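Participant: kindly generate the corresponding structure for this input.
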Amino acid sequence: MSVPKYVKRKLDLDDIQKFALMKFRRNVSDILQPHHDDHFLCRWLIARSWNCENAEKMLRDSMKWRQEYGVDTELKTWEAPEVIKKYEPVGCCGYDADGAPVIIVPFAGLDVVGMLHSVPKEDLIKATIQILERNLDLAFATGYNELIVIFDMDNFNLRQYLWRPAAEVVITLIQMYEANYPEILKVCYIINAPRVFAVGFNIVKKFMGPCTINKIKIYKHDPAKWKKILVEKIGADNLPKYFGGNLTDPDGNPRLTTKIAQGGKIPESYYMKNLQKDDPENEKEYTIVTIKKGDKLKLKFEVDEEGSFLRWDFRTDNHDIRFGVNYTDKEDKVTTAVALNRVSAHQIDEAGVLACQSPATYTVIFDNSYSLLRSKKLFYKVYVTPPIKELSVTPTDGDISLFKEEDKKPSEKIMDADALNELEAKEMTNGMEKAVISPVH
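Facilitator: Numbering: from 1, shown residues only. The predicted model follows:
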């Protein structure tokens, strides 16, 4: 893609920030490279609230990480496996008026379970680094040094992320981004966000810094609204027609698939091994019970570790059933976590996850008390899994090592009020707060 010429963005710093920048440049002069200009240095200072010592530690750690991964050497010529090239959903469609590259990610096209069956986890990380570096090169060439990212969540299904390895790799990539690519984001638009997205975001935002969270704008499935905003902020000539712009493929495809890879379901012919069989969580057998007419099944789980997850997967034969979850805290106060509602589990398997408080006793309820004529046959897996800790990525021979970061605390800051308004939180959570029931397609 040819890069248009733009006027390089000027830094607008006050005297205190100018002094911090000068001091920071002097302190890290031994590791700087020729292309590390003031814009580059300010990224690290902003990420650490203009604290020179903290910014220096962050930059030195990142430079060491780049060396370990060969980001500026071997990784530049590394060839990603075919399956990643064919099924990684991402592409650049143009630039906004300031020169920020516009990156589009059709997120539902990411078959993360299939990807983890097909390539080592480290290859997926390397490919993500390559994508980030390639797009940053575009941003550096225009002089703006920041990216616009559009995540299209149309047809997003939470269920594959209930598989722990999939959730862990997503969190690992987020942490890698936060630690090594501060302040490269101009704005992130998340469009077509379904109700279940609020639950997933509630979990992953704990691993994001406040600077990132504040740049995220979320819109539900309302094309008239988000198309208008995208065109106003980016321009129709730099957006695919599907996103409200003028760009199409030669055959008229509005998604601009010649530039934006769409991803898709990965054929099992690419699979190296069945990772789900190696995962103890997926070895759990379904429990089969018959809930008599007018009766209920209650399952109790003691949760002692903060951040644990209650997970469920169930179906019924022929008829629906009521499902809900509540918890009792140490003061014996009972709180509804998932409102008791009838679920058509005889039509589509139901799966969900709940981020738990502790200490507490969680009660999962399958309720057939409303049925005076029919008993219900239920197939279920309900279990508690431990918290997903903060993970750090270090390249090793053939895989990655994951270890807890003791000196970092995930940000607890929620996204800004405008973003929450776009989600229409009351409607999207539907009384379920931190939980979701996701149909299996």
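Participant: can you pull the contacts of the spatially closest residue to Thr248 that is not a sequence neighbour?
Facilitator: Leaving aside its sequence neighbours, Thr248 sits nearest to Lys241 (CB to CB, 6 or more residues apart in numbering; 5.1 Å). (C-beta placed from N, C-alpha, C; glycine too.) Under the criterion of CB atoms under 8 Å, 6 or more residues apart in numbering, the contact partners of Lys241 comprise Leu247, Thr248, Pro254, Leu256.
Participant: which PyMOL command selects the buried ones in those residues?
Facilitator: With 16 or more other CB atoms under 10 Å as the criterion, this PyMOL line picks the buried residues out of those:
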select buried, resi 247+248+256
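Participant: take the contacts of Lys241 and lay them out in a markdown table including secondary structure, distance to Ile31 and pLDDT.
Facilitator: Supplementary listing: these in a markdown table, determined by DSSP: H, G, I helix; E, B strand; the rest coil; distance: CB to CB, whole Å; pLDDT from 0 to 100:
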| residue | secondary structure | distance to Ile31 | pLDDT |
| --- | --- | --- | --- |
| Leu247 | strand | 41 | 97 |
| Thr248 | coil | 45 | 97 |
| Pro254 | coil | 46 | 97 |
| Leu256 | coil | 39 | 97 |
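Participant: which one of the contacts of Lys241 sits closest to Pro182?
Facilitator: Within these, proximity to Pro182 (CB to CB) peaks at Leu256, which comes in at 29.7 Å.
Participant: and the residue of the chain most remote from its centre, how far from Ile365?
Facilitator: Computed with CA atoms, centre = their mean, the maximum C-alpha offset from the centroid of the chain is found at Leu373, amounting to 44.4 Å. Using CB to CB, to the nearest Å, we find Leu373 at a distance of 21 Å from Ile365.
Participant: check for me that Tyr177 belongs to a helix.
Facilitator: Yes: with DSSP: H, G, I helix; E, B strand; the rest coil as the criterion, Tyr177 is located in a helix.
Participant: who's the closest spatial neighbour of it, skipping the chain neighbours?
Facilitator: Nearest in space to Tyr177, with sequence neighbours left out and distances taken as CB to CB, 6+ apart, is Leu132 at 7.3 Å.
Participant: what about the one you found, which SS state?
Facilitator: Secondary structure assignment for Leu132 (three-state DSSP): helix.
Participant: got a list of what it touches?
Facilitator: With contact set as CB under 8 Å, 6+ apart, Leu132 has these partners: Tyr177, Tyr181, Ile184.
Participant: confidence score at it?
Facilitator: The predicted structure scores Leu132 at 97 on the pLDDT scale.
Participant: per-residue confidence at Leu423?
Facilitator: In this prediction, Leu423 carries a pLDDT score of 44.
Participant: now the closest residue in space to Ala345 that isn't next to it in sequence: phi and psi?
Facilitator: Leaving aside its chain neighbours, Ala345 sits nearest to Thr316 (4.5 Å; criterion: CB to CB, 6+ apart). According to degrees, to the nearest 10, the main-chain angles of Thr316 amount to phi -130, psi 160.
Participant: quick one: contacts for Thr316?
Facilitator: Thr316 is in contact with Ala345, His346, Lys376, Lys377, Leu378, Phe379, counting by CB under 8 Å, 6+ apart.
Participant: also His221?
Facilitator: Each residue near His221 by CB under 8 Å, 6+ apart is listed here: Asp154, Asn192, Ala193, Pro194.
Participant: of all pairs in those, which one spans the longest distance?
Facilitator: Set against one another by CB to CB, those have their most distant pair in Asp154 and Ala193, with a gap of 9.3 Å.
Participant: between these two, who's got more neighbours?
Facilitator: The residue with more neighbours, out of Asp154 and Ala193 and counting by other CB atoms under 10 Å, is Ala193; that gives 26 against 15.
Participant: partners of that one in the sheet?
Facilitator: With beta bridges defined as DSSP bridges, Ala193 has these partners: Lys220.
Participant: pLDDT below threshold where in this structure?
Facilitator: Under the criterion pLDDT under 70, the flagged ranges of the chain are 1-7, 273-284, 388-441.
Participant: domains of it?
Facilitator: Partitioning the chain according to automatic domain parsing yields domains covering residues 15-69, 74-274+389-439, 284-385.
Participant: and those domains: which comes nearest Lys8?
Facilitator: Where the domains of the chain are weighed against each other on CB to CB, the nearest is domain 74-274+389-439, at 3.3 Å.
Participant: chain center to that closest one: distance?
Facilitator: Domain 74-274+389-439 has its C-alpha centroid displaced from the chain centroid by 6 Å (CA atoms, centre = their mean, to the nearest Å).
Participant: now stretch 160-173 - C-alpha only, PDB.
Facilitator: Output in PDB follows, covering the C-alpha atoms of stretch 160-173 (Å, rounded to 0.1, in the frame of the first residue of the first chain):
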ATOM      1  CA  GLN A 160     -14.800 -20.600  22.000                       C
ATOM      2  CA  TYR A 161     -13.200 -18.300  24.600                       C
ATOM      3  CA  LEU A 162     -14.700 -20.400  27.400                       C
ATOM      4  CA  TRP A 163     -11.900 -22.800  26.500                       C
ATOM      5  CA  ARG A 164      -9.100 -21.800  28.900                       C
ATOM      6  CA  PRO A 165      -6.200 -22.000  26.400                       C
ATOM      7  CA  ALA A 166      -8.100 -19.600  24.100                       C
ATOM      8  CA  ALA A 167      -8.800 -17.200  26.900                       C
ATOM      9  CA  GLU A 168      -5.200 -17.300  28.000                       C
ATOM     10  CA  VAL A 169      -3.700 -16.600  24.600                       C
ATOM     11  CA  VAL A 170      -6.000 -13.600  24.200                       C
ATOM     12  CA  ILE A 171      -5.000 -12.200  27.600                       C
ATOM     13  CA  THR A 172      -1.300 -12.900  26.800                       C
ATOM     14  CA  LEU A 173      -1.500 -10.900  23.600                       C
END
